[in-house]
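Participant: need the 3D shape of this:
(chains A and B)
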Amino acid sequence: ETGVTQTPRHLVMGMTNKKSLKCEQHLGHNAMYWYKQSAKKPLELMFVYNFKEQTENNSVPSRFSPECPNSSHLFLHLHTLQPEDSALYLCASSLEVTGNTIYFGEGSWLTVV
Amino acid sequence: DQQVKQNSPSLSVQEGRISILNCDYTNSMFDYFLWYKKYPAEGPTFLISISSIKDKNEDGRFTVFLNKSAKHLSLHIVPSQPGDSAVYFCAASGGVNTDKLIFGTGTRLQVFP
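Facilitator: Below is the predicted model of the structure:
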């Protein structure tokens, strides 16, 4: 069982829908991340949370809204997305933010129709 | 501007032979490098890392070499096995962006019998 769990694994949503991605880590880590993996593009960092506080927003559009209620849980709320937002969204965690190996969840495949 | 580059999108190797995956970087401040392996529909899995104070790190069949003067690192897999078939991502961190992993676009390795 992976230490970082993401749900749902697959999501199809319309452009006017509101949905959320959920991530939970069982590794006792203090930092959590959202990444976006699009075809033929580098893995893109979206958000960084350290001890529940957002420390980085990598110029992500406001239609993506993260929430970190505690160090073990991370959400990505989705609202009025566009078809080009279709991608694999990866949650990850690390013990600390600086210079640590990051452990990824299995990802949530999002399709916006 | 892509700071971490994997110029070979794909590589095909016969089982038992050596697989060499290459990665170049442009930021001389990077001091920590990692390789991740990704199977389809799964999140990346940490494979091996190397700090800039070393030029080689070995873990079983996997060895990472770092050439700081050339800003180049490589991952050697020997002997290659069919189960190694996956996409391999190079990542780097350090300098002012110590809390950010910069990923390459990945190289798809196929190991055939």
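Participant: and chain A, which residues reach chain B?
Facilitator: Contact residues, chain A versus chain B (CB under 8 Å from any CB of the partner chain): A:2, A:4, A:6, A:31, A:40-43, A:45, A:48, A:50, A:55-56, A:90-92, A:97-99, A:101-107, A:109. (C-beta placed from N, C-alpha, C; glycine too.)
Participant: what about burial for the residues you listed, which qualify?
Facilitator: Buried subset of these (neighbour count, 16 or more other CB atoms under 10 Å in any protein chain shown): A:4, A:6, A:31, A:42-43, A:45, A:48, A:50, A:56, A:90-92, A:97, A:102-107, A:109.
Participant: tell me the buried residues in stretch B:62-79?
Facilitator: By 16+ other CB under 10 Å, the buried positions in stretch B:62-79 come out as B:62-66, B:71, B:73-77.
Participant: stretch A:32-42 too?
Facilitator: Of the residues in stretch A:32-42, those buried (16+ other CB under 10 Å) are A:32-37, A:42.
Participant: one more: stretch A:67-78?
Facilitator: By neighbour count on 16+ other CB under 10 Å, the buried set for stretch A:67-78 is A:68, A:71-76, A:78.
Participant: so what touches that stretch?
Facilitator: Stretch A:67-78 is contacted from outside by A:13, A:17-26, A:29-30, A:32, A:34, A:46-47, A:49, A:51-54, A:63-66, A:85, A:89, A:91, A:110, using CB atoms under 8 Å, 6 or more residues apart in numbering or on different chains.
Participant: just the strands in chain A please.
Facilitator: Ranges of strands in chain A, per DSSP state E, are A:4-7, A:10-13, A:18-25, A:31-37, A:44-50, A:53-57, A:64-70, A:73-79, A:87-94, A:103-104, A:108-112.
Participant: redo those strands as JSON lines? Include mean pLDDT and distance to B:Arg108.
Facilitator: As requested, the strands of chain A are exported to JSON lines (pLDDT from 0 to 100; distance: least, CB to CB, whole Å):
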{"stretch": "strand A:4-7", "mean pLDDT": "94", "distance to B:Arg108": "23"}
{"stretch": "strand A:10-13", "mean pLDDT": "93", "distance to B:Arg108": "22"}
{"stretch": "strand A:18-25", "mean pLDDT": "96", "distance to B:Arg108": "26"}
{"stretch": "strand A:31-37", "mean pLDDT": "92", "distance to B:Arg108": "14"}
{"stretch": "strand A:44-50", "mean pLDDT": "90", "distance to B:Arg108": "19"}
{"stretch": "strand A:53-57", "mean pLDDT": "83", "distance to B:Arg108": "29"}
{"stretch": "strand A:64-70", "mean pLDDT": "95", "distance to B:Arg108": "28"}
{"stretch": "strand A:73-79", "mean pLDDT": "96", "distance to B:Arg108": "27"}
{"stretch": "strand A:87-94", "mean pLDDT": "92", "distance to B:Arg108": "15"}
{"stretch": "strand A:103-104", "mean pLDDT": "89", "distance to B:Arg108": "18"}
{"stretch": "strand A:108-112", "mean pLDDT": "93", "distance to B:Arg108": "18"}
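Participant: which of these sits closest to B:Glu58?
Facilitator: Closest to B:Glu58 of those is strand A:103-104 (CB to CB; 21.5 Å).
Participant: fine, thanks again, bye for now.
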